[in-house]
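Visitor: Pasting the sequence and the predicted coordinates here, then a few questions.
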Amino acid sequence: MTTPKTSRDHPASAKGPERPAQRGRPTMPAGRVFVVMLVCLLLWAFLFAPTMKRAAEASPDGSRRSASLAILRPFVAISDGLQITKLTDAVEQALGRDPDEAPGGELVVPPEPIPSQPGGGGDHGGGGDVHTRGPIRKPTRTNKLRVAVIGDSLASGLGVYMERVLRSSLVRVSRQGRISTGLARPDYFDWPAALSEIVDNFQPDLIVVMLGENDNQALRNAAGDEETSVGTFDWPRAYAERVENFMRLATSKGARVVWAGLPIVSDRGRWGIVERQNDVFESAAEAVDDVAYLDTWSMFAAPDGGYTAYHRDGGTVELVRESDGLHFNATGYELLARAVLETAQLEFELTPRVVAD
Amino acid sequence: MLFPTIDFAIFFCLVFLGHWLLNPRPLPWELFMIAASYVFYAWWDWHFVWLLAGVSALAQVGGLAVAKQRDPPRRRIVMAVAVAATLAPLAFFKYYGFFAVNATNGLSRLGIHAGPPLIQVILPVGVSFFSFMAVSYIVDIQRGDTKPASWIDLFLYLSLFPHLVAGPIVRPNELIPQLDVRRDPRHVDVGAASWLIFGGLFKKVVVSSFLASAIVDPVFGDPARHGAVETLFAIWGYAVVIYADFSGYTDIAIGVAKLLGFTFPQNFDRPYSARSLQDFWRRWHMTLSRWLRDYLYIPLGGSKKGQLRTYLNIFVTMVLGGLWHGAAWTFVFWGALHGVGQVTGAYRRTRRAQRGLPEPAETPARIWGQRIVTFHLVCLGWVFFRADSLSTAFSLLGRLVTGWTAPIALVNPLVVGTIALMLALQYAPHFTADRIVDRIAGLRPIAMGATFAMALFIITSLGPQGVAPFIYFQF
């Protein structure tokens, strides 16, 4: 803001219309500019077609994906024929990327230095409603509790706030949320492979999972081949199998799992699908030991059962959802993180000492 | 529709063709451009097309009503009513949620458990920008600075797609006259336009995306995990991110307009080389700065009602300018910080003048000292602008004094180099770019197309997959 001494005819803080083209600089007729634009876009399409095709293959099923692939295939064929693909692959490698990597990226978890002192799993025994081997181990300053937060964009946000509400002196959090991922498309991001790496290298005591939002599509294998079409009778069974296998993999080395279900969304048309997915998660959690299910749908629904973007705590109201009707804002993620920890305290006797005030 | 997308590239090729083919026929040309601009806007959410049309209609009805009045006091009243009506949708969409939450919680503290309905209002893209342009149209008619435009001119003035969603905020007398003249299809300034477009793409897709993911988002997302050095570089990094993001958008907008034969006002002029906060606002988001000056600061009385009132007017203008960016206390604080800074600067200048002291010598040490202090005051403001809450902002600032022993893994040579390069470019003289533009303009079409294709390939290869929306879309 400027502070003019007199009136609005004071020298403007903005300089008004931009400087005109410098005299003597060559200009071009509009027709030729159009040719320049076409040449630019065509050449760029040949250069970038392999990358775009990989992205299109990984995108959700639908008419946009089909159209993109139909348009890109001839470009890629010509790029391959002219050896342009080799050039673009070389550029990708020079930038430190693997051209053959899954489009959603790959997960690298370096081996975690684990102290040799005792304190792995708890005693076998009871604990809440979940079939569990007993309380989760008590962390120490030299052998912190290891918590991995995995899943899609909701898990990305949750991971940030899990880390905020846990005491860093006693807990080490590995945030492994990957946007646009799920269990339906290992050709985009292979969560079972990533989870194996997390389990082997990070050796988490607690795994928090939140995913499924991107899974309402055909189930494909890692090569991208369709295994089960969405909307068929087979889909719920095949999806439940993936979920249960994923839970068994997560608990295979002694970790406890809190599986956060999907929250209510603003789009009523999606309620049926999301609730069916939540039923799958809840049933699988009952079938697999050491997995606790957190019902976030009810937690964030309005008292009348509908969608609300607000959360009421006593007389205080706070906005907790983003305007997309799905994601949470900072306040929402913090509420969610605290609910996850309460679940872990209740089901796995996680010590309250690890939770920051 | 985002500029750095294939959707926009295809859209623009078609619009470019239609625009120049229809250029000799004013009415079909205007209808075509309005339709294209509404398609551009509808790409986000077609429901809000009615809002754009509604604000345009309100502005035109208001403008015509103001023009009809001959009596100055009545003219001012009609203008005030028309401005209030034009701003009402903006007030509702942008501030209703903020008001409802604060009113409900305030009443609750008083023991009254009631309040306005808690509905989440979705903020339509660009509503702040086209509402401000609509206000300037009505006020300029009242002031006699512009005449009422035809309905079709007004609808195109407010919706023309290059400026529609994030400015620059173009004034009626800058753009409406350009709609009524035939643009010369023989002389498109392709050199300057392409320099702006590719420079803007590089700033947005490469620089802004890289620094945001490499250091800014991790540190602002969880300040407690990061030490003083990482925090300091994240703050400097955010200064670069928001500049690269917003000036990148504006450059693309101005470049696209230039390809269509329009001239838009400049919006950035190397803002981090400013020597005072006042100077900063002459260089940063210049079209908003002059809008605030002409339609808020001066109507409040400007500097004509005494020294104390001048300070108050500056402060109020900056706080409201902050609130314009978003309905949150962080933006209010950001605006207040700039207000206090500018009032302090104005007070010091006045005191010096009153005491008859000469201006200090312009030594390099003084100039650089002022630049460094101004840059860091601006950075302090950016902390509140970027943080998700006041507590996060203070926690982040606290790390600057408590976290000096923490690791500095995020501060790698690429991060440091990118920040340093972008800040150094703030001091690059204009003629450097002019030489490059001249070279581009001298290329033959095929060579030019191939050069642009390579530039685009480099930008898209260096950038991340997918592009985040521009920061200023949310305002």
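Guide: That came through, no problem.
Visitor: Next up, identify which helix or strand B:Ser134 is on.
Guide: Careful, residue B:134 is Ala and not Ser. Element membership of B:Ala134 [criterion: DSSP states H and E] is helix B:127-143.
Visitor: pLDDT averaged over that helix - what is it?
Guide: Helix B:127-143 shows a mean pLDDT of 94.
Visitor: Could you name the helices and strands sitting against it?
Guide: Packing partners of helix B:127-143 (3 or more C-beta pairs under 8 Å, 6 or more residues apart in numbering or on different chains; DSSP states H and E): helix B:49-68, helix B:72-109, helix B:151-159, helix B:161-164, helix B:172-179, helix B:286-292. For glycine as for every other residue, the C-beta is placed from the backbone atoms N, C-alpha and C.
Visitor: cutoff 7 Å now
Guide: Counting contacts by 3 or more C-beta pairs under 7 Å, 6 or more residues apart in numbering or on different chains; DSSP states H and E, helix B:127-143 is packed against helix B:49-68, helix B:72-109, helix B:151-159, helix B:172-179.
Visitor: Kindly state which of these is positioned closest to chain A.
Guide: helix B:72-109 (3.4 Å; C-beta to the nearest C-beta).
Visitor: Can you say which of the helices and strands packed on helix B:127-143 is nearest to A:Glu342?
Guide: helix B:72-109 (24.3 Å; C-beta to C-beta).
Visitor: ok now the closest one, how far from the chain's centre?
Guide: Centre-to-centre, helix B:72-109 and its host chain are 22 Å apart (C-alpha atoms, centre = their mean, to the nearest Å).
Visitor: what mean pLDDT does stretch A:218-233 have?
Guide: Mean predicted confidence for stretch A:218-233 is 87.
Visitor: Check what contacts it and list those residues.
Guide: Residues from elsewhere that reach stretch A:218-233, judged by C-beta atoms under 7 Å, 6 or more residues apart in numbering or on different chains: A:57, A:61, A:184-187, A:190, A:216-217, A:234-235, A:238-239.
Visitor: Now go through these and say which are in helices.
Guide: Among the contacts of stretch A:218-233, the members found in helices (DSSP state H) are A:Glu57, A:Asp234, A:Trp235, A:Ala238, A:Tyr239.
Visitor: What's the nearest residue in the stretch 351-475 of chain B when you look at chain A?
Guide: Of all residues in the stretch 351-475 of chain B, the one sitting closest to chain A is B:Gly449 (2.6 Å; C-beta to the nearest C-beta).
Visitor: what's the neighbour count on that residue?
Guide: If you count neighbours by other C-beta atoms under 10 Å in any protein chain shown, B:Gly449 ends up with 23.
Visitor: Please apply the same query to A:Thr228.
Guide: 19.
Visitor: Ok, B:Glu30 next?
Guide: With other C-beta under 10 Å as criterion, B:Glu30 counts 18.
Visitor: Any figure for the gap between the residue lying closest to A:Val160 once chain neighbours are set aside and B:Ala212?
Guide: Closest residue to A:Val160 apart from its sequence neighbours, by C-beta to C-beta, 6 or more residues apart in numbering or on different chains: B:Gly221 at 5.0 Å. The gap separating B:Gly221 from B:Ala212 is 11 Å, by C-beta to C-beta, to the nearest Å.
Visitor: circling back: put together CSV for the ones in helices among the contacts of stretch A:218-233, with neighbour count on each row.
Guide: What follows is the ones in helices among the contacts of stretch A:218-233, written out as CSV (neighbours: other C-beta atoms under 10 Å in any protein chain shown):
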residue, neighbour count
A:Glu57, 17
A:Asp234, 12
A:Trp235, 20
A:Ala238, 16
A:Tyr239, 24
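Visitor: Reformat those residues as a markdown table; add distance to A:Arg175.
Guide: Below are these laid out as a markdown table (distance: C-beta to C-beta, whole Å):
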| residue | distance to A:Arg175 |
| --- | --- |
| A:Glu57 | 27 |
| A:Asp234 | 34 |
| A:Trp235 | 30 |
| A:Ala238 | 29 |
| A:Tyr239 | 25 |
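Visitor: Pull the most distant pair out of those.
Guide: Maximum pairwise distance in the ones in helices among the contacts of stretch A:218-233, criterion C-beta to C-beta, is 22.8 Å, between A:Glu57 and A:Asp234.
Visitor: From B:Pro89, how far out is B:Val127?
Guide: Distance from B:Val127 to B:Pro89, counting by C-beta to C-beta: 7 Å.
Visitor: Can you get me the start-to-end distance on stretch B:136-151?
Guide: In terms of C-alpha to C-alpha, to the nearest Å, the two terminal residues of stretch B:136-151 are separated by 16 Å.
Visitor: who touches that stretch?
Guide: Identification of contacts with stretch B:136-151 by C-beta under 7 Å, 6+ apart yields B:59-60, B:62-64, B:66-67, B:75-76, B:79, B:82-83, B:86, B:154, B:157, B:171-173, B:176, B:291, B:295.
Visitor: Can you flag the buried ones in those?
Guide: Applying a neighbour-count criterion of 16 or more other C-beta atoms under 10 Å in any protein chain shown, the buried members of the contacts of stretch B:136-151 are B:59-60, B:62-64, B:66-67, B:75, B:79, B:82-83, B:86, B:154, B:157, B:171-172, B:176, B:291, B:295.
Visitor: for the helix or strand of chain B with the lowest mean pLDDT, packing partners?
Guide: Lowest on mean pLDDT, DSSP states H and E among the helices and strands of chain B sits helix B:430-441, with a mean of 79. Packing partners of helix B:430-441 (3+ C-beta pairs under 7 Å, 6+ apart): helix B:190-201.
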